[in-house]
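> Got a predicted structure here, sequence first:
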Amino acid sequence: FDEFYIVLDEPHRVWTPGDSVSGVVVLDLPKPVRTVQLRLRLLGQLTIRNPLVKGSSFRHVLCHEEITYSSTLASSISSAASTTSSSTTRRLPKGEHTFAFMFELPAKGLMTSLEFEKGSIVYMLTATHHRPGPFPPITCHKLLSLQCPLDIADLPPPKPSMLSVEIKKKSRRRERGTATAIVETPAVGCLRGAVIPVKITVRHVREVRNVTGVVITFLRISRVCAHELEPLSFRKDLVQTVAPLYIDSRTLTTTIMSNIRVPMDIFPTIDEYPLVAFKYCLEVVLDLSGKVELPMAQSVVHSPATDTTSNMASRPYVDTELLKRMKGVISLWTEIVVGTEKSEQIKPNPRNAPVNVRASSSSQPVVPEYASAEYTSQPGVSLSMPRHHTAVNDSRAIPHSLPPPHAEALLPPPPLPHPEQLPARVESEKERLARLEESLLPSAPP
């Protein structure tokens, strides 16, 4: 039985476009074997299954490279063992044979490796050992995990999502009023595993009370447009949160603060390619009528952190498509870009920044302006240092362009408080009696 496998130099690495993939193909033979050649192929491929024809799929090649080891096989065989009846076949001796390889991934045109509802994006190494005669070739495979970097640091600031609708007021005149809902998030992009704060502001025309009036869903929208296939779009709900909607009868407004966590096991946003696109969104569904009841309304448990929301990830999802068809229900959307990294911009460090230092002619050390601090030596007694100092010409002054090496060491000790400012010490009972006895004694003659 032949042992045939691929070993990567970095087996746990997540590759990026432009990287070099290296390793060896190992062929361990228990006995001498006649062979024709050994091939190694790197194939990156997008596969989209045809929903109309079972077993049919569309394939698009992202990268394809191949190595043939005919000359390497010839050099690894001794002259005595390589003599055969055919010039195209050789005999490999017993033992382990290794064949090194290195592939350079293309810098452009690749997509993150993933599995989705209608297909997959896969990068795979396939080694094939061809033998003469009726023997079928043997193969081995090795999957590569590839991720296209997506930096979310440079994304523009988010814009609030707002929707206004007309609603009938509860009055005999059948008046109409305008209800407005606004959804805000602090950023457009986030990383996997991050928590997204969601702020929902509702201005209504009447009082509304519904314990499940707000449904927040983090979902993925997938778009597939393959050759000879009809364009397909489908959604997948990933995380869902339910919150109550209470409209105060006096102010007719409310603000709901909720959090929703992005799953760790999702792939990043992909929207640069014409064949497939994967985008993430936050969908907020509001029941402005206050009459719609969800199937799981009886099992809603408030979160102890906010006491307003509960994560429904482990429970059946609310069918928001059905919910949005009901009267008095509205929905708002905001796109969320899920990235792979967030580069931090270099911010000036206040300890390393130049400090405006003024010299003093007194014997006290020079104190920078930012070193003003407040000390409390006794309860109720606050002592502070002066913030500004008189500037004089002194050769000992620290230059303006150089900060002090240890700003904390330049702080002088706090000045002692005046005795009158100190709080009175609590007397013991023995001291109080002695003071009373002294007050009763006759005063001394002048």
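In hand now; what should we look at?
> switch to C-alpha atoms for all contacts and neighbour counts from now on
Noted.
> What sits closest to residue 271 if chain neighbours are left out?
If the residues on either side of it in the chain are set aside, residue 271 comes closest to residue 277, at 4.6 Å by CA to CA, 6 or more residues apart in numbering.
> Just the local confidence number for the one you found, please.
Confidence at residue 277, expressed as pLDDT, is 94.
> host element of it?
Using DSSP states H and E, residue 277 sits in strand 276-287.
> what sits up against that strand?
Defining contact as CA atoms under 8 Å, 6 or more residues apart in numbering, one finds that strand 276-287 is touched by 183, 210, 213-226, 245, 269-271, 320, 324, 328-338.
> neighbours of residue 128, just the number please.
Here the number of neighbours of residue 128 (other CA atoms under 10 Å) works out to 19.
> start at 51 instead
Renumbered: residue one is now 51, and that last one reads residue 178.
> any idea of the pLDDT on it?
For residue 178, pLDDT reads 95.
> Quick check: it touching residue 86?
No - counting by CA atoms under 8 Å, residue 178 sits too far from residue 86 to count as a contact (10.8 Å).
> Which parts of the chain are helices?
Counting by DSSP state H, the chain has helices at residues 120-125, 370-373, 479-490.
> By mean pLDDT, show me the worst of those helices.
helix 120-125 - the lowest mean pLDDT of the helices of the chain, at a mean of 55.
> Can you give the domain ranges for the protein?
The chain breaks down into these domains under automatic domain parsing: 53-194, 211-389, 403-455.
> Tabulate those (TSV), appending distance to residue 200.
Listed next are those as TSV, based on distance: least, CA to CA, whole Å:
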stretch	distance to residue 200
domain 53-194	10
domain 211-389	5
domain 403-455	32
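> For residue 204, which of those domains is the nearest?
domain 211-389 (9.3 Å; CA to CA).
> what sits against the nearest residue to residue 173 once chain neighbours are set aside?
Closest residue to residue 173 apart from its sequence neighbours, by CA to CA, 6+ apart: residue 94 at 4.2 Å. Taking CA under 8 Å, 6+ apart, we find residue 94 in contact with 111-114, 171-174.
> Residue 276 now?
98, 108, 325-326.
> rerun at 6 Å
Residues in contact with residue 276, defined by CA atoms under 6 Å, 6 or more residues apart in numbering, are residue 325.
> Looking at it now. What's its pLDDT?
74.
> neighbours of the residue nearest to residue 54 when sequence neighbours are not counted, just the number please.
Of all residues not flanking residue 54 in the chain, residue 77 sits nearest, at 4.7 Å (CA to CA, 6+ apart). Neighbour count for residue 77, taken as other CA under 10 Å: 18.
> Check whether residue 77 really touches residue 144, as I assumed.
No - in this structure, residue 77 is not within contact of residue 144 by CA atoms under 6 Å, at 10.1 Å.
> Show the model's pLDDT score for the residue lying closest to residue 147 once chain neighbours are set aside.
Distance criterion CA to CA, 6+ apart; nearest residue to residue 147, sequence neighbours excluded, is residue 77 at 5.1 Å. pLDDT recorded at residue 77 is 92.
> give me every residue that touches residue 77.
So residue 77 contacts 53-54, 146-147 (CA under 6 Å, 6+ apart).
> can you pick the most crowded of the residues you listed?
Highest count within these by other CA under 10 Å belongs to residue 54, 20 neighbours.
> Buried subset of the contacts of strand 326-337, written for PyMOL?
Here is the PyMOL command that selects the buried residues among the contacts of strand 326-337 (16 or more other CA atoms under 10 Å):
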select buried, resi 233+260+263+264+265+266+267+268+269+270+272+273+274+275+276+295+319+320+370+378+379+380+381+382+383+384+385+386+387+388
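> Strands - which of the contacts of strand 326-337 land there?
Using DSSP state E, the members of the contacts of strand 326-337 that fall within strands are 233, 260, 263-274, 295, 379-388.
> Which of the domains of the chain has the lowest mean pLDDT?
domain 403-455 has the lowest average pLDDT among the domains of the chain, namely a mean of 34.
> ok, so what distance separates the nearest residue to residue 145 once chain neighbours are set aside from residue 85?
Nearest non-adjacent residue to residue 145, counting by CA to CA, 6+ apart: residue 79, 5.2 Å away. As judged by CA to CA, to the nearest Å, residue 79 and residue 85 stand 11 Å apart.
> Ok, residue 159 next?
The spacing between residue 159 and residue 85, counted by CA to CA, is 36 Å.
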